[in-house]
Every structure is written in C-alpha cells, then in structure tokens.
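**Student:** Below are the sequence and a predicted model; questions follow.
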Amino acid sequence: MSSAPTGTPAPVTDGAHDGALLQVRDLTTTFPVRSQGVIRRTVGRVQAVTEVSLDVDEGETLGLVGESGCGKSTTGRSVLQLVRPDSGSVRYDGRELVGLSPKEMRPLRRELAMVFQDPFGSLDPRLPVSELIAEPLRIHRVYSDEASLRARVDELLGLVGLKPEHRSRYSHEFSGGQRQRIGIARALAAEPRVIVLDEPVSALDVSVQAGVVNLLEDLQERLGLSYLFIAHDLSVVRHISDRVAVMYLGKVVEVGDAASVYDNPRHPYTRALLSAVPLPDPAAERRRRRSRVVLSGEIPSPADPPSGCRFRTRCPKAQQRCADEVPVLRPSDPVGRHTFACHFPEGDADSAA
C-alpha cells in the first residue's frame with residue numbers, strides 16, 4: 001500500500017483504537033424530503049449525519065457538541081439504533097449493531113440506555129414513578145416477583161437522590177430537576193453499561209444543572225458507566241467530559257482530550273464556539289472581546305450542504321481549496337488523540353488567507 005504524499009498527513013479517524021467499548025465508524029443517517037400535495041414524492045435527502053466516527057471507552061465520557069441542528073441528537077439515536085442509519089458501523093463490545101432486527105436488538109437494550117432532553121415529555125404522565133422506573137425491568141423480565149421489583153425501584157430512587165415515598169407520585173408533581181432524576185433512574189434500571197445523554201440539563205434552570213451533572217459524575221464513578229454526553233453548552237461539557245467531539249452540519253470537525261480541545265482548538269468553528277462562552281472574570285471578558293470570533297451568515301441547509309468543507313461559507317479563513325477538497329481528520333499531536341478536519345487550522349503559521 002502506498003504511503004501518503006510527503007507533507008500531507010495521512011487521514012485518521014478520531015484517535016480510534018480497537019479497545020473502545022463503543023466504536024462508531026463512518027456513520028451516515030439521512031431523512032427523506034417530501035414534496036407538498038396529495039401525492040407526496042421524495043424529492044431529496046437531508047444529510048443529518050455524514051460519515052461520523054467516534055469511540056467511547058469503558059468508564060469514559062465523550063462530549064458531543066455543536067449548534068442546534070448539527071446532527072448531535074440524530075447521532076446519539078443512530079448509535080442506539082432508535083433511528084436506523086443508512087450506512088456505517090456501530091460496534092458495542094465487539095458486536096455489530098447496524099443491521100440487527102428489533103428482536104435481535106432487544107437483549108442489548110439492557111446495556112444501552114438513553115436519557116432524553118425533556119424530562120416531562122419523556123415520562124408517561126399516566127404512570128406513577130414506581131411504574132415509570134419499573135417498566136424497563138418488566139420489559140426485560142429482570143425480576144420474577146413484585147417484592148424484588150419494588151426493592152429495586154426503591155434502590156434506584158435512592159441512587160438518584162429521591163426518596164422511596166416518592167414512588168406513588170406522578171411526574172407532574174415533581175420539579176424539572178427531580179423529573180430528570182427520574183429519567184436517569186429509569187435509564188439505570190436494567191443496569192446498562194453505556195448511556196447516551198441527549199441534552200440532559202438544557203431544559204433545567206442553571207441552579208439545578210450543577211446538581212444533575214454532579215449526580216451523573218457520581219453514578220459514573222460508582223457504577224463504571226460510559227457516557228455519550230450530547231450538549232450545546234460548552235461549559236457543562238468541559239466539566240463532565242474526558243474527551244470532546246465537535247460537530248458542524250452533520251460532520252465531526254474536531255475531537256480530542258477535553259483539555260487539548262478547549263486550550264488549543266485547531267478548527268476555526270471550535271474556536272468560534274469557545275469564544276462565545278462567557279468568562280466569569282469581567283476584566284478578562286472585556287479583553288477577549290477584541291479577539292472574539294463572530295460567525296457570519298446562516299447555517300446551510302443539510303439538504304444541500306456546501307461542497308468541500310461544510311464550514312467554508314461561514315469561515316473567515318476559507319480559500320478556494322476549501323470549496324474543492326473535503327478536509328479529513330488529521331492529528332494535532334504525535335499520538336493522534338487530538339484530530340481536526342481543516343485545511344488552514346488555527347495555530348499554523350501558514351494558515352492565514
């Protein structure tokens with residue numbers, strides 16, 4: 001096999017390695033665009049997720065960040081096969097998930113769980129808390145007697161900071177933070193190993209978010225959980241994540257250790273996202289305003305993304321090469337744990353337009 005041309009880094013995935021508990025490779029998910037009228041024909045496809053590759057190690061948290069509509073949630077649902085991807089591979093503990101039938105996926109659902117963004121909308125208001133939490137246990141037939149089932153529900157309530165006497169209440173009787181704790185308890189019921197958390201704190205008051213994030217960290221340490229943490233709040237992601245992947249218009253543009261991505265962003269989009277995060281120090285915030293990156297224009301339609309680099313229509317560094325060539329993820333460090341997809345990355349002396 002021929003080597004890459006001199007001076008051109010060989011394409012990489014995202015610091016991928018064979019030992020990851022969850023391995024995603026070239027995942028692509030599209031949705032049909034229907035015409036209006038009585039006879040609705042498919043007139044195109046929305047490219048929600050395009051050739052996304054990710055790894056989540058055992059006991060690790062991978063944060064997936066980006067603007068609304070970039071494909072983060074679809075990625076999470078595609079990983080769990082709640083949305084069927086068009087192509088690509090999702091391997092959990094060595095087993096391929098793409099292509100499995102619902103019947104074949106059912107036993108794996110015990111080990112792969114999800115916590116949704118809206119704790120009120122994701123909980124059936126007709127069921128008391130005890131039944132909401134017990135439902136996954138009944139589906140998977142974990143317990144054969146009601147006494148054991150009840151004891152497990154009470155254990156889960158205590159695990160997320162609620163009381164056993166809350167078991168007979170309904171979801172509307174709880175605050176937003178408490179409802180999300182119920183959603184977390186429900187996700188934990190069947191003892192999963194991987195949990196996809198889809199914007200788990202974005203619907204909560206700022207004062208409540210820290211408590212839920214701290215709970216998730218405590219549960220991870222106690223139970224050895226692996227998280228795919230989807231969010232648009234970069235401050236929350238930095239606090240909880242071991243590694244961070246940045247998405248733009250359906251593609252991963254940068255991924256690496258959280259400290260490396262936040263302290264040394266290589267992709268212009270990552271830098272723009274970070275520059276929009278307010279600093280707690282007013283003096284530092286005023287100094288930073290002079291160098292803040294403000295993106296111009298609107299996010300292109302995923303039904304008709306730009307050629308080459310999808311970020312080029314809003315990038316201050318864009319050149320003709322950006323329209324002609326799709327940038328591949330390449331390493332920023334010797335071990336390849338920090339990668340980015342940009343022809344003219346931040347920090348390169350020759351990257352200016």
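**Tutor:** Yep, it's here. What you are looking at is a predicted structure, and each value in this text was computed from that prediction instead of being measured.
**Student:** Identify the residue nearest the geometric centre of the protein.
**Tutor:** I230 (3.2 Å; Cα atoms, centre = their mean).
**Student:** that's a helix at that residue, yeah?
**Tutor:** No - looking at I230 with DSSP: H, G, I helix; E, B strand; the rest coil, it is strand, so not inside a helix.
**Student:** these two touch, right, it and V201?
**Tutor:** No - in this structure I230 lies outside contact range of V201 using Cβ atoms under 8 Å: 10.9 Å. For every residue, glycine as well, the C-beta is placed using N, CA and C.
**Student:** quick one, helices of the stretch 51-200 of the chain?
**Tutor:** 72-79, 102-105, 129-139, 146-159, 176-188 (DSSP state H, counting those that start in this stretch).
**Student:** Kindly provide the distance from the closest residue to V246 other than its chain neighbours to F311.
**Tutor:** Excluding the flanking residues, the one nearest V246 by Cβ to Cβ, 6 or more residues apart in numbering is E254, at 4.5 Å. Remark: distance between E254 and F311 (Cβ to Cβ, to the nearest Å) = 11 Å.
**Student:** Now P136: closest residue in space that isn't a chain neighbour?
**Tutor:** A189 (4.4 Å).
**Student:** so what pLDDT did that neighbour get?
**Tutor:** We have a pLDDT of 94 for A189.
**Student:** Over to the one 10 residues further on?
**Tutor:** Looking at E199, its pLDDT reads 94.
**Student:** list the contacts for it?
**Tutor:** S73, Q117, I230, A231, H232 (Cβ atoms under 8 Å, 6 or more residues apart in numbering).
**Student:** Report the contact partners of V129.
**Tutor:** Per Cβ under 8 Å, 6+ apart, neighbours of V129: L157, L162, H166, R167, S168, R169, Y170, S171, I182.
**Student:** can you count the residues close to the nearest residue to the fifth one once chain neighbours are set aside?
**Tutor:** Sequence neighbours aside, P128 is the residue nearest to S168 in space, at 5.3 Å (criterion: Cβ to Cβ, 6+ apart). As a burial measure, P128 scores 16 neighbours (other Cβ atoms under 10 Å).
**Student:** Contacts only, for P128.
**Tutor:** Contacts of P128 (Cβ under 8 Å, 6+ apart): R167, S168, R169, Y170.
**Student:** which of these tops the neighbour count?
**Tutor:** R167 (19 neighbours).
**Student:** residues contacting that residue?
**Tutor:** Here R167 is in contact with P128, V129, S130, V153, D154, L157 (Cβ under 8 Å, 6+ apart).
**Student:** Swap in 10 Å and give it another go.
**Tutor:** Shown in contact with R167 (Cβ atoms under 10 Å, 6 or more residues apart in numbering): P128, V129, S130, E131, L132, I133, A134, R150, V153, D154, L156, L157.
**Student:** now swap in S332 and tell me
**Tutor:** 9, 254, 256, 260-261, 264-267, 338-340, 345-347.
**Student:** I'd like to know which of these are part of helices.
**Tutor:** Using DSSP state H, the members of the contacts of S332 that fall in helices are S260, V261.
**Student:** Identify, from the contacts of S332, the entry nearest to G94.
**Tutor:** Lowest distance from G94 to the contacts of S332 (Cβ to Cβ) belongs to T339, with 23.7 Å.
**Student:** what about that closest one, neighbour count?
**Tutor:** 28.
**Student:** Quick check, it in contact with D55.
**Tutor:** No - the criterion here is Cβ atoms under 10 Å, and T339 misses it with D55 at 11.4 Å.
**Student:** Which element, helix or strand, includes R25?
**Tutor:** Element membership of R25 [criterion: DSSP states H and E] is strand 22-34.
**Student:** Could you tell me how far that strand lies from the centre of the chain?
**Tutor:** With Cα atoms, centre = their mean, to the nearest Å as the basis, strand 22-34 stands 14 Å off its chain's centre.
**Student:** residues contacting G347?
**Tutor:** N264, P265, R266, R271, S332, F340.
**Student:** Report the helix or strand with the lowest average pLDDT across the protein.
**Tutor:** Of all helical and strand segments in the chain, the minimum by mean pLDDT, DSSP states H and E falls on helix 282-288, at a mean of 64.
**Student:** Tell me where the stretch 201-350 of the chain has strands.
**Tutor:** 226-231, 243-248, 251-257, 330-331, 339-340 (DSSP state E, counting those that start in this stretch).
**Student:** Low-confidence regions, this protein specifically.
**Tutor:** 1-18, 278-281, 283-292, 348-353 (pLDDT under 70).
**Student:** which helix in it runs the most residues?
**Tutor:** helix 206-223.
**Student:** helices or strands next to that one in the packing?
**Tutor:** strand 61-65, helix 146-159, helix 176-188, strand 194-198, strand 226-231, helix 234-240 (3 or more Cβ pairs under 10 Å, 6 or more residues apart in numbering; DSSP states H and E).
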